[in-house]
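K.L.:
structure of the sequence below:
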Amino acid sequence: MSTAATVRAIGRRADDPTGYDQALAYARTALGLLRYHAAMASPAPDRIATMLSLRADMMAENLLAILADEQRRGPSLVFAHNVHLQRTRSHMSIGGDDGEASWASAGALVGLTLGERYVFVATDASPDSEPDTLQRVLAEATSRRTLFPAPALRAALPAAIGTGGPIVPGHIPVNPADLDGADAVIFVADTDGKRQQYW
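P.N.:
Take a look at the predicted model:
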């Protein structure tokens with residue numbers, strides 16, 4: 001049964017569209033969590049990849065729901081990690097001999113639905129980049145923050161360009177292959193590279 005059908009089965013008052021939207025969100029979340037927990041309990045060797053795919057699917061459904069709810073106001077801006085929003089497949093190495101997990105990111109799924117209306121701008125920063133890396137090239141091109149169109153950036157990069165290291169735990173630097181799934185890159189050169197505690 002689809003999420004929409006589940007909500008219709010619960011019942012809907014025609015004069016309460018907000019209640020319907022909220023019930024739809026709850027049903028979407030419940031269905032996603034049930035699928036995710038079923039994947040967690042599976043002993044299958046591709047369990048991690050399945051869980052990552054299910055998480056991306058839940059994120060994509062939520063992004064499309066936000067878009068549908070906000071479309072009368074105009075475009076929506078969403079901030080999340082590059083790995084979640086890029087148009088290309090995401091990859092993660094799995095410990096031990098399990099190799100690598102690969103899945104369609106939320107951005108790849110939303111991009112399939114929205115086509116050219118979906119725009120992904122990657123972000124990266126590196127105050128002290130290693131030579132011969134994408135981050136060093138970007139840092140040398142700006143002293144503060146700059147938006148680089150991805151097609152022009154790809155064309156200007158040497159073929160043997162590498163990727164810089166993370167500046168804080170959890171930072172995954174943009175690598176040259178990531179440019180294929182981006183429309184542009186915002187590079188922040190004037191950061192101290194320290195994690196800030198906001199709450």
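K.L.:
any idea which element the residue nearest the centre of the chain lies in?
P.N.:
In the chain, the centroid-proximal residue (Cα atoms, centre = their mean) is His84; its distance is 1.6 Å. Counting by DSSP states H and E, the element that carries His84 is helix 82-85.
K.L.:
avg pLDDT for the following helix or strand past that helix?
P.N.:
Where DSSP H and E defines the elements, the next helix or strand beyond helix 82-85 is strand 89-94. The predicted model assigns strand 89-94 a mean pLDDT of 82.
K.L.:
now do strand 89-94: distance to the chain's middle.
P.N.:
How far strand 89-94 lies from its chain's middle: 13 Å, per Cα atoms, centre = their mean, to the nearest Å.
K.L.:
output the helix or strand following it in PDB with nothing but the alpha carbons.
P.N.:
Next in sequence after strand 89-94, counting helices and strands by DSSP H and E, comes strand 99-104. Extracted C-alpha coordinates of strand 99-104, given in PDB (Å, rounded to 0.1, in the frame of the first residue of the first chain):
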ATOM      1  CA  GLY A  99      34.500  -3.400   0.400                       C
ATOM      2  CA  GLU A 100      32.400  -0.500  -0.600                       C
ATOM      3  CA  ALA A 101      28.700   0.400  -0.400                       C
ATOM      4  CA  SER A 102      27.200   2.400  -3.300                       C
ATOM      5  CA  TRP A 103      23.700   3.900  -3.400                       C
ATOM      6  CA  ALA A 104      21.600   6.500  -5.200                       C
END
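K.L.:
which other helices and strands contact strand 99-104?
P.N.:
For strand 99-104, the elements it packs on are helix 47-70, strand 89-94, judged by 3 or more Cβ pairs under 8 Å, 6 or more residues apart in numbering; DSSP states H and E. (Each C-beta comes from the backbone N, C-alpha and C, glycine too.)
K.L.:
please identify the deepest-packed of these.
P.N.:
Of all the helices and strands packed on strand 99-104, helix 47-70 carries the top mean neighbour count, a mean of 18, counting by mean count of other Cβ atoms under 10 Å.
K.L.:
hey, C-alpha coordinates of it in PDB?
P.N.:
Output of helix 47-70 as PDB, limited to C-alpha atoms (Å, rounded to 0.1, in the frame of the first residue of the first chain):
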ATOM      1  CA  ARG A  47      22.700  -4.800   4.500                       C
ATOM      2  CA  ILE A  48      24.700  -1.500   4.900                       C
ATOM      3  CA  ALA A  49      24.100  -0.500   1.300                       C
ATOM      4  CA  THR A  50      20.400  -1.300   1.600                       C
ATOM      5  CA  MET A  51      20.200   0.800   4.800                       C
ATOM      6  CA  LEU A  52      21.900   3.700   3.100                       C
ATOM      7  CA  SER A  53      19.600   3.400   0.100                       C
ATOM      8  CA  LEU A  54      16.500   3.400   2.300                       C
ATOM      9  CA  ARG A  55      17.800   6.500   4.200                       C
ATOM     10  CA  ALA A  56      18.400   8.300   0.900                       C
ATOM     11  CA  ASP A  57      14.900   7.300  -0.300                       C
ATOM     12  CA  MET A  58      13.300   8.700   2.900                       C
ATOM     13  CA  MET A  59      15.300  11.900   2.500                       C
ATOM     14  CA  ALA A  60      14.200  12.200  -1.200                       C
ATOM     15  CA  GLU A  61      10.600  11.700  -0.300                       C
ATOM     16  CA  ASN A  62      10.900  14.400   2.400                       C
ATOM     17  CA  LEU A  63      12.600  16.800   0.000                       C
ATOM     18  CA  LEU A  64       9.800  16.300  -2.600                       C
ATOM     19  CA  ALA A  65       7.200  16.800   0.100                       C
ATOM     20  CA  ILE A  66       8.800  20.100   1.100                       C
ATOM     21  CA  LEU A  67       8.900  21.200  -2.500                       C
ATOM     22  CA  ALA A  68       5.200  20.300  -3.000                       C
ATOM     23  CA  ASP A  69       4.300  22.200   0.200                       C
ATOM     24  CA  GLU A  70       6.400  25.300  -0.600                       C
END
